[in-house]
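> Quick one, fold the following:
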Amino acid sequence: MTKKLLLLVLLILCLTSIEAQPTEPNCILVDLEFNGDAIDTSGNNIHGVMNGNIQSTTNRLGTANSALLFDGINDFIEFPSDDFNLGTSNYTMSFWFERHGLGNHYLLSKERNFDPYNSRFGTAVLSNPNEIQDTNRLFHKESGYLTSPSWNMTDGFMLQYQTPIQLNTWYHIVAKRDGVNLYLYINGNLVSSFDMQEVIDINNNYNFRVGGRYSPNGTNDASEFFKGKLDDLKIYTCSLTDQEIMNLYENGTTLGVNGVRIEKKTLKIYPSLVSGQFTIENNSNQNLKNIVIYDMLGQIIKTIDLQSHEKHIVNTNGMTSGMYFIKYGKQSYKIIVL
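Coordinates of the predicted model:
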């Protein structure tokens, strides 16, 4: 009876003391890590096709082969899918970018230049290459016909970041729609919002493109190519909260052991209440070394190395009942062995 009571107390302490960990919202449409490719890791298998001469490059943390470099000449990624016809649903688009030159640079688009007859969206930094840099403004827009006479316009609704976008500087961008409202976030902070009064039904025959948009000549050619780096594009079919958006920004600016970026979801450990064995799963694309299991006295029980997405089963034979800690870098997880 005393042992069961002790274990119950330990379980309560474990559940109440674990820091709340952000989890991936279940409304994710695509998750593109851009680790040298345009593979969707969300499980929905909405993969992109890379065009031009896109190169693998370092990301904002200096990690090699963890972002894509666009040359501003003919590089873009295309998604031949109807999944980006978002209709009137809420959405959230999150990505990182670093700009390397002046000009009209489209980051995301589902539209054609000079086409006023299709509902569409686009995110871009626009400027004339000959103008001074303080004209460079990032915007996200929706365009299309609305039913209300007072809002029957095709120029659309634009969210604009008033501070000029600097060259060779990483920015985290989030554009979201929540009902009739559009919101733009830079580095986790809300910088612009707009009440559209009516929702645009985003539905057209254009493919979703990253790094450019359809040219105005009526062909499938691309134009207004982006020059710089892009990384970690996530699109959700829901409106994320302010805290979830801040989590995306903060998790994307963390360096872990040996300069490897550590997400709070790097490891999966289950079950938390253990009888006989438990599983440690590497949920990242990195090989992880020195995952350490400690007891409550700080003594090392076991050290584990895991390859990318490898699972390791830990047998608890010989481990006394009580609380144990699994640590990697700044991350800490807790289990209770019965």
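> tell me the secondary structure for the spatially most central residue of the chain?
Of all residues in the chain, the one closest to the mean position by Cα atoms, centre = their mean is Lys234, 3.9 Å from it. Following DSSP: H, G, I helix; E, B strand; the rest coil, Lys234 is assigned to strand.
> how near is it to Lys176?
11 Å (Cβ to Cβ, to the nearest Å). Every residue, glycine included, has its C-beta placed from N, CA and C.
> can you list residues touching both of those two?
Shared contacts of Lys234 and Lys176 (Cβ atoms under 8 Å, 6 or more residues apart in numbering): Thr92, Met93.
> any chance you could map the strands in the stretch 51-200 of the chain?
55-57, 67-71, 76-79, 91-99, 105-110, 120-126, 137-143, 157-161, 170-178, 181-186, 189-195 (DSSP state E, counting those that start in this stretch).
> Pull up the pairing partners for the fifth one, direction included.
Spelled out, that is strand 105-110. strand 120-126 (antiparallel), strand 208-210 (antiparallel) (DSSP bridges).
> between that strand and strand 170-178, how big is the angle?
Put simply, strand 105-110 runs at 30 degrees to strand 170-178, going by axes from the mean of the first three to the mean of the last three Cα atoms, to 10 degrees.
> Can you show me the CA trace of strand 105-110 as CSV?
The C-alpha trace of strand 105-110 is given here as CSV (Å, rounded to 0.1, in the frame of the first residue of the first chain):
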residue,chain,number,x,y,z
HIS,A,105,10.4,39.1,-55.0
TYR,A,106,7.4,36.7,-54.6
LEU,A,107,7.9,34.3,-51.7
LEU,A,108,4.5,32.5,-51.9
SER,A,109,1.8,32.8,-54.5
LYS,A,110,-1.3,31.2,-55.9
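> is it true that Asn51 touches Ile77?
Yes - using Cβ atoms under 8 Å, Asn51 is in contact with Ile77, at 7.0 Å.
> between those two, who's got more neighbours?
Neighbour count, other Cβ atoms under 10 Å: between Asn51 and Ile77, Ile77 has more, with 26 against 15.
> pLDDT score for that one?
We have a pLDDT of 94 for Ile77.
> Number the chain from 54, please
Yep, numbering from 54; the last one is Ile130 now.
> what residues are up against it?
Ala91, Gly101, Val102, Met103, Asn104, Ile107, Leu121, Arg262, Val263, Gly264.
> Apply 10 Å and report the result again.
Ile130 makes contact with 85, 87, 90-91, 100-105, 107, 121, 123, 161, 260-265, 283, 286 under the criterion Cβ atoms under 10 Å, 6 or more residues apart in numbering.
> Report the buried members of the residues you listed.
85, 87, 90-91, 100-101, 103, 105, 107, 121, 123, 161, 260-265, 283, 286 (16 or more other Cβ atoms under 10 Å).
> what's the burial count for the nearest residue to Val227 once chain neighbours are set aside?
Of all residues not flanking Val227 in the chain, Tyr238 sits nearest, at 3.9 Å (Cβ to Cβ, 6 or more residues apart in numbering). Neighbours of Tyr238 under the rule other Cβ under 10 Å: 26.
> which residues sit in contact with Tyr238?
145, 147, 193, 212, 214, 225-229, 244-246, 293, 295, 298-299, 301-302.
> and Leu293, helix, strand or coil?
Secondary structure, three-state DSSP: Leu293 is coil.
> in its sheet, what does the strand or helix carrying Ile354 sit against?
Per DSSP states H and E, Ile354 falls inside strand 353-359. According to DSSP bridges, strand 353-359 forms sheet pairs with strand 341-348 (antiparallel).
> pLDDT averaged over the strand it pairs with - what is it?
87.
> Would you mark the buried spots in that strand?
Those would be Leu341, Ile344, Ile346, Tyr347, for strand 341-348 by 16+ other Cβ under 10 Å.
> again, but for stretch 287-296
Lys287, Ile288, Tyr289, Cys291, Ser292, Leu293.
> Likewise for stretch 79-86?
Ile81, Leu82, Val83, Asp84, Leu85, Glu86.
> How much space separates the fifth one from Gly265?
Applying Cβ to Cβ, one obtains 16 Å for the distance of Leu85 from Gly265.
> do the first one as well
In this structure, Ile81 and Gly265 are separated by 24 Å, where distance is defined by Cβ to Cβ.
> Excluding residues flanking it in the chain, which one is nearest Val367?
With Cβ to Cβ, 6+ apart, the residue lying closest to Val367 is Phe331, at 5.5 Å.
> show me what contacts the one you found?
Residues near Phe331 by Cβ under 10 Å, 6+ apart: 322-325, 346, 365-369, 377, 379, 388, 390.
> for it, helix, strand, or coil?
Under three-state DSSP, Phe331 comes out as strand.
> How confident is the prediction for it, by pLDDT?
pLDDT, read off for Phe331, is 91.
> Look up how far Ile353 lies from it.
For Phe331, the distance to Ile353 equals 17 Å [Cβ to Cβ].
> Leu237 too?
From Leu237 to Ile353 the distance is 47 Å (Cβ to Cβ).
> With neighbour numbers in mind, choose between the two.
A count of neighbours by other Cβ under 10 Å puts Leu237 above the other of Leu237 and Ile353, at 22 against 10.
> and the more buried one, what are its bridge partners?
Ala228, Ser245.
> residues touching the nearest residue to Leu85 once chain neighbours are set aside, list them.
Once flanking residues are discounted, Leu85 sits nearest to Leu286: 4.3 Å by Cβ to Cβ, 6+ apart. Contacts for Leu286 (Cβ under 10 Å, 6+ apart) come out as 83-87, 91, 93, 101, 121, 130, 146-150, 160-161, 226, 263.
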